[in-house]
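Student: after the sequence you'll find the predicted model.
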Amino acid sequence: MLEQLVSALVTVVLGVGGCLAYFYGSNILLDRLFPASASNDMAAVRNLKIQSSVRPWLFLGPALILLTVYLIYPVFQTIWLSFHDKAGTSFVGTANYSWAFNDSQFRQSIFNNFLWLLVVPAACTFFGLVIAVLTDRIWWGGLAKSLIFLPLAISFVGASVIWKFVYDYRGEGQEQIGILNALIVWFGGDPQVWISLPFWNNFFLMVILIWIQTGFATVILGAALRGVPEDTLEAATIDGAGPFKIFWRIMVPQIMPTIIVVWTTITVLVLKVFDIVLTMTNGQWDTQVLANLMFDWMFRGGGDFGRGAAIAIVIMLAVLPIMIWNIRQANAEQKGGH
Amino acid sequence: MWQRIRLEPSRFALHFAVLFIVALWTFPTAGLLVSSLRDKDQIAASGWWTALSTSEQSSQARTKGNADQVEKDGRFVIAGNLFEGDSAHSSLSAWGTNVNKPGANLPGATAELGSGQTLTVNADGSYEWGSATAFPDERGRRVFYVSSVPPRFTAENYETVLFSEGIGRSFVNSLTVTIPATIIPILIAAFAAYALAWMKLPGRGFIIAVIVGLLVVPLQMSLIPLLKLYNATGFLSKTYLGIWLAHTGFGLPFAIYLLRSYVAGLPKDLIESAQVDGANDFKIFRRIILPLSFPALASFAIFQFLWVWNDLLVAIVFLGSGEDQLVLTGRLNSLLGSRGGNWEILTASAFITIIVPLIVFFSLQRYFVRGLLAGSVKGG
């Protein structure tokens, strides 16, 4: 154990140190090669010019290289691979895609992903809104929000263990130690094997992600709600609008942009959902989703990179509209403000 | 403020509703924590919500054999305690010698067993088995009993998972992955953010647009090409360096995005006056930008820390599954496969994997929330 701690420490120091060394080293080198305090003024000015045109790239360099290697190049490579065979050597046209659309597991995944997309962002946003409104009006609201927020710090695998325990099933007549079945039995029902219940098991998996992400929605929507001008609300109350009317007609429309942001953020997350399905069912009992199916094909039978890549492209296509919308928003913001 | 506007239904219903939601959200985690501290037989026998109450348990034990018999007043007697070597049981509420009638006799009662044999079992588990003639059998007699077991809390489960299920080792592995994978992107992103916010460079707008686009590119797009690349290069494959760089690459778009919007909001005068004083950009960055950006750096650090610590996908693709590389999430995943029904192992392991993020989260919640807001409300 001690030995590993030491070696871990050494690797940590080397990794971080190397990074620091680059930034210090390259900047000092630049200062030395083109000194600003050169002997004659002409040279000094020229050196300063060189410095200011090179230094941004020293600062940006590592980031650009890493972004290119880890995100940009892979996007193109994945597109390329999706038109090639298993090992990525010979061109197969659209064979991987036509395989996918005829594969029952792939269709199942598409169907399930749709279910997830329909339910999870909506549920998170809804619960987030309700909790934000309710907790804002009581003195212990901060604590309540912290507790609801807490699952956001828990890993998907950890959350899966937590919920597997909630869904635990014992044969009829035995004492149920999973709280859900215990409740069902207490109310006089029959215990169920929740995670292998066809179709409905998808929802039991979704509950986990909703449980995790609602805190996120609560915090962001709560902040937006606090930005709704008090005058508007007071005017509405004076006009005799009830609480539900105020909520739906005034608060929700006012914070619509934030709702969209929350919705799309969770949508992107849902499209990538992997850990929960892997640990809860590994796609059994008709719960397969695209991300898990792709992982499966990456390693199944030595790995089929063509099919895996094709599935990744399908996920990417689903994200694409959100990506374009984001870029347009960011560009508009840049032109408008700063 | 909004809360000053009077809205009915009554306050009571409001408090109750929030309490109900909070209970719904915390119960699952509470179950995990309570179970991880319970005796492992009790976890399997009763729900965690009954952890504080005494539970009834049916068990069986065997008396001693003829080797231990003593002659007393002309009778042969074997005496002992059914609970021997098992401290968890405290009180016996019924017993019997027939498997079909395990609760036939009350404690303290004496049962006739035929051929002159009698058996008395007391509430504390002590028994006396008497016979008119010498006991012929080497093996003792089976006795069935119902005992009430007091709640028992223990740290044994944690000891087991830390030292014999490999969780301790994985904990160190997780730290080895997480710490550099948090610090390296901060450094790289901070420099890049400053360059994109304050330095003159061609194509700045384009680079920012690309970074915003990369924010939502699914990790899945990168997995296969990088796996191929790593396998081809060799030195990155299944190494800590490889996974640090991967996490850095995947974390960079958000890091640059978050830090850039913060750094760009710093007062212009400050930077300009430093330039007038002859400070170059490296100096400005170190002396002014870094200290002032602390809140944003802290926000991102928490995000990246949680994301890397909680990650499973990147770890199982780019890191090995050997003892010295398996991280906590990976270990927990494999325990789910191999120890599916052993809740004492799973709950304790899961709690160890989530305790670090929970501590980080609670102690630095302010920065975390600030980062969330900056990351999503501003741009999206």
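Tutor: Cool, got the structure.

Student: check the secondary structure at residue A:301 for me.
Tutor: Classification of residue A:301 by DSSP: H, G, I helix; E, B strand; the rest coil places it in helix.

Student: ok, for the closest residue to chain B within the stretch 1-150 of chain A, nearest residue in space, not its chain neighbours?
Tutor: Ranking the residues of the stretch 1-150 of chain A by distance to chain B (Cβ to the nearest Cβ) places residue A:70 first, at 2.6 Å. For glycine as for every other residue, the C-beta is placed from the backbone atoms N, C-alpha and C. Among residues not flanking residue A:70 along the chain, residue B:249 sits closest, at 2.6 Å (Cβ to Cβ, 6 or more residues apart in numbering or on different chains).

Student: which helices and strands sit right next to the helix or strand that contains the one you found?
Tutor: Using DSSP states H and E, residue B:249 sits within helix B:240-264. If you count contacts as 3 or more Cβ pairs under 8 Å, 6 or more residues apart in numbering or on different chains; DSSP states H and E, helix B:240-264 packs onto helix A:2-33, helix A:41-67, helix B:167-198, helix B:204-214, helix B:220-233, helix B:294-310, helix B:313-318, helix B:365-376.

Student: quick one: secondary structure of residue B:278?
Tutor: Under three-state DSSP, the three-state class of residue B:278 is coil.

Student: around it, count how many other residues there are.
Tutor: 9 (other Cβ atoms under 10 Å in any protein chain shown).

Student: so how far is chain A from it?
Tutor: Separation of residue B:278 from chain A (Cβ to the nearest Cβ, to the nearest Å) stands at 8 Å.

Student: buried set for the helix holding residue B:249?
Tutor: Of the residues in helix B:240-264, B:240, B:242-264 count as buried by neighbour count, 16 or more other Cβ atoms under 10 Å in any protein chain shown.

Student: then stretch A:281-301?
Tutor: Taking 16+ other Cβ under 10 Å as the criterion, stretch A:281-301 shows A:281, A:283, A:285-298 as buried.

Student: one more: stretch A:326-338?
Tutor: A:326, A:327, A:329, A:330, A:334.

Student: same deal with stretch B:160-172?
Tutor: Of the residues in stretch B:160-172, those buried (16+ other Cβ under 10 Å) are B:160, B:161, B:162, B:165, B:166, B:167, B:168, B:169, B:170, B:171, B:172.

Student: please, where are all the helices along the stretch 51-200 of chain B?
Tutor: B:156-163, B:167-198 (DSSP state H, counting those that start in this stretch).

Student: now for those, which one comes closest to residue A:311?
Tutor: Comparison of these against residue A:311 by Cβ to Cβ identifies helix B:167-198 as nearest, at 26.6 Å.

Student: run through the neighbouring helices and strands of the closest one.
Tutor: helix A:2-33, helix A:41-67, helix B:156-163, helix B:204-214, helix B:240-264, helix B:294-310, helix B:328-338, helix B:343-363.

Student: next, format those helices as a markdown table and append mean pLDDT.
Tutor: As requested, the helices and strands packed on helix B:167-198 are exported to a markdown table (pLDDT from 0 to 100):
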| stretch | mean pLDDT |
| --- | --- |
| helix A:2-33 | 83 |
| helix A:41-67 | 86 |
| helix B:156-163 | 83 |
| helix B:204-214 | 89 |
| helix B:240-264 | 90 |
| helix B:294-310 | 90 |
| helix B:328-338 | 87 |
| helix B:343-363 | 89 |
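
Student: just those: most buried one?
Tutor: Each of the helices and strands packed on helix B:167-198 was scored by mean neighbour count; the highest is helix B:240-264, a mean of 23, by mean count of other Cβ atoms under 10 Å in any protein chain shown.

Student: in contact with residue B:279, which residues?
Tutor: residue B:287 (Cβ atoms under 8 Å, 6 or more residues apart in numbering or on different chains).

Student: look up the closest residue to residue A:22, ignoring the ones flanking it.
Tutor: What sits nearest to residue A:22 in space, not counting adjacent residues and going by Cβ to Cβ, 6+ apart, is residue A:62, at 6.8 Å.
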